[in-house]
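okay, here's the prediction I keep looking at, along with the sequence it came from:
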Amino acid sequence: MKVICDGDPGHDDMLAFLLAAKHLELIGITTVMGNQSLEKVTKNALKIVEFAGLTSIPVAKGMPRPLVNEPLYAPEIHGETGLDGHALPEPTTPLADMHAVDFIISRVMENDDVTLVPTGPLTNIAAALIKEPRIAEKISCISLMGGSLTYGNSTPAAEFNIYVDPEAAAVVFRSGIPIKTFGLNVTRQAEATEAEVERIRRIGTPVATIVADLLDFYRTSLMRVFGLKGASLHDPCAVAVLIDPSIFVMQPMHVEIELKGEFTRGMTVCDYRHRRLTSDNLQGKDAVIRGKKPNAEVAVAIDKERFFDLLIDTLASYR
Ligand code: BDR
Ligand code: CA
């Protein structure tokens, strides 16, 4: 499976990239503003490919601001650099000589089986769909981290990636492309407490030590800001499902992005009403379908133990 990771690294974006590079054919990383400015997150993407020995994977720089909103960053979670916790050297690897939006369009048009894994605001993906609508037919799947079935984190109703650029999210969710979506209700359960971070540190390699230092920073932020017990590993969920779908329970739902609400702008409004209609019992003529046809597979549960086994085994395979 050919994959492009599109993110705003970002501690958990980093883990998404590291998982994808080992298990899937990662044909590129594209960056978008989000956790920090575009300049900072792009520098972080280059730092990550350098410390992990992945410099053959092209990194393309994308959109510096959302489609409509003003930019909004998350220094209280990811620090001033967007990847605080371990001082990494200034990167020397050059960027791809193409804008991320053109990179996505060209790779999708050249191949038949590209899956996109967005782990930041959906600005690059929406811009690519607007610039070259034919990509909608060609993309196999979009597996994304964003939204929530329950509570938000940026606001009571909205999750950060969607809240930063709700109009872009609306373009993506209305594109007709098969979508898998991982929201806070599940990704907060992929929680690295002190015990999981210690498991990573005990691997003892340079890469594992850097990752453990970074996760200690991220974990401390989430404990301070949200009172959580550990680091929510949101973004690698969107990759883990492509490696081992049985780690998650997914359910088809119709998802709309709230663009107007006074208190709910950026909320993912998930139609849960179909949850008992599976592909088996849908064949029954008696099924009464209310609302719109599902446009996404929404994660509702995670096997945390198997998720961490996959993640930690993968980290152990880096030197
Ligand atoms: C999302 O926001 C960012 O802080 C994380 O990297 C993740 O993609 C969680 O709301
Ligand atoms: Ca992210």
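Looks like it arrived, so ask away. Residues are numbered from 1 along each chain as shown. Ligands and ions are numbered 1, 2, ... in the order given.

which non-adjacent residue is nearest residue 16?
residue 235 (4.1 Å; C-beta to C-beta, 6 or more residues apart in numbering). Backbone N, C-alpha and C define where each C-beta goes, glycine included.

quick one, what contacts that neighbour?
7, 10, 12-13, 15-16, 119, 145, 187 (C-beta atoms under 8 Å, 6 or more residues apart in numbering).

wait, doesn't residue 318 sit right on residue 52?
Yes - at 5.8 Å, residue 318 counts as touching residue 52 under the criterion of C-beta atoms under 8 Å.

now for the two: what residues contact both?
Common contacts of residue 318 and residue 52, defined by C-beta under 8 Å, 6+ apart, comprise 18, 207.

and residue 68, what does it touch?
Per C-beta under 8 Å, 6+ apart, neighbours of residue 68: 165-167.

could you dump those to JSON lines with secondary structure?
Compiled in JSON lines, the contacts of residue 68 are given as follows (DSSP: H, G, I helix; E, B strand; the rest coil):
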{"residue": "165", "secondary structure": "coil"}
{"residue": "166", "secondary structure": "helix"}
{"residue": "167", "secondary structure": "helix"}
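
scan this protein for its longest strand.
The longest strand of the chain (DSSP state E) is strand 248-257.

which residues touch that strand?
Residues outside strand 248-257 that contact it (C-beta under 8 Å, 6+ apart): 147, 162, 166, 169-170, 173, 179-182, 186, 237, 240-241, 266-272, 274-275, 277, 291-303.

near ligand 1, which residues of the stretch 151-300 of the chain? Just list them.
Residues of the stretch 151-300 of the chain found near ligand 1, taking C-beta under 6 Å from any ligand atom as the criterion, are 153, 159-161, 234-235.

looking at neighbours, which among those is most surrounded?
Greatest neighbour count in these, by other C-beta atoms under 10 Å, goes to residue 235: 32 neighbours.

the stretch 151-300 of the chain: strands as residue ranges?
Assigned by DSSP state E, counting those that start in this stretch, the stretch 151-300 of the chain shows strands spanning 179-182, 191-192, 231-232, 248-257, 268-271, 296-302.

and the nearest residue to residue 291 once chain neighbours are set aside, how far from residue 260?
In this structure, residue 291 finds its nearest non-sequential neighbour in residue 271, 4.7 Å apart by C-beta to C-beta, 6+ apart. Using C-beta to C-beta, to the nearest Å, we find residue 271 at a distance of 18 Å from residue 260.

neighbour count for those two, which is higher?
Neighbour comparison, residue 271 and residue 260: the larger count goes to residue 271, with 19 against 7 (by other C-beta under 10 Å).

how about the residue of the chain found nearest ligand 1: what's its closest non-neighbour residue?
As assessed by C-beta to the nearest ligand atom, ligand 1 sits closest to residue 160 within the chain, at 3.7 Å. Distances taken as C-beta to C-beta, 6+ apart put residue 154 closest to residue 160, at 4.7 Å, once the chain neighbours are dropped.

so what's that neighbour up against?
72, 160, 163-164, 266.

what does residue 182 give?
143-146, 234, 237-238, 241, 248, 299.

restricted to helices, list the residues you listed.
237-238, 241 (DSSP state H).

tell me the one of those nearest ligand 2?
Among those, residue 238 lies closest to ligand 2 (C-beta to the ion), at 9.5 Å.

near that closest one, how many other residues are there?
30.

verify the stated contact: it with residue 16.
Yes - taking C-beta under 8 Å as the definition, residue 238 is a contact partner of residue 16 at 6.4 Å.

now the helix of greatest length in the chain: average pLDDT?
The longest helix of the chain (DSSP H) is helix 206-226. The pLDDT scores in helix 206-226 average 98.
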